[in-house]
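> Model the structure of this input:
(one chain, ligands or ions: 1)
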Amino acid sequence: MLHKVDIKTGSRVELQEITSQVRDVVKAGGVRNGICHIFVPHTTAGVIINEHADPAVVEDIIAQLDVMVPQHRNYSHMEGNSPAHIKASLTGGSCTLFIEDGRLVLGTWQGVFFAEFDGPRDRNFLVKIVPDR
Ligand code: ZN
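Below you'll find the predicted structure:
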């Protein structure tokens, strides 16, 4: 089963937590044990798993990505959004989580974040749940 979840991002760069939406998909899927794949079908957005307890962590990640990938540089890509493409490549566009006893397995401090690098836009991510045999 493949689920598409629509989201809206609110700024050029943001890490929007999507843990609850992923949990909802897992719950609706009714799978007790298995694998949950998350895939972002965009070239200027990605997905990461990191701390959701202290919002300063997400701010630091965004700030450091800006240091590593300057907004203005001699980029070749004429659309002008090369930094977004590069940041999306660094974060990656997919992740895999475990489902145990019907619940998403995450560490206490972990959350799943949609990583927007060229917003604000209407976006989506895909979730595929694969039950254990
Ligand atoms: Zn582009």
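> Scan the protein for its longest helix.
Of all segments of type helix in the chain, defined using DSSP state H, the longest is helix 55-68.
> Rounded mean pLDDT for it, please.
The pLDDT scores in helix 55-68 average 97.
> and for that helix, what are the contacting residues?
Helix 55-68 is contacted by residues 13, 14, 15, 48, 50, 51, 52, 87, 90, 113 when judged by Cβ atoms under 8 Å, 6 or more residues apart in numbering. Placement of C-beta: from N, CA and C, glycine included.
> What lies in contact with the helix or strand hosting the last one?
Remark: residue 113 resides in strand 110-116, with elements defined by DSSP states H and E. Among residues not part of strand 110-116, those counted as contacts by Cβ under 8 Å, 6+ apart are 7, 9, 11-19, 22, 38, 40, 45-52, 58, 87-88, 91, 95, 97, 106, 123, 125.
> Among these, the buried ones, what's the ChimeraX command?
Restricted to buried positions by 16 or more other Cβ atoms under 10 Å, the ChimeraX selection for the contacts of strand 110-116 reads:
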select :9,13,14,15,16,18,19,22,38,40,45,46,47,48,49,50,51,52,58,87,88,91,95,97,106,123,125
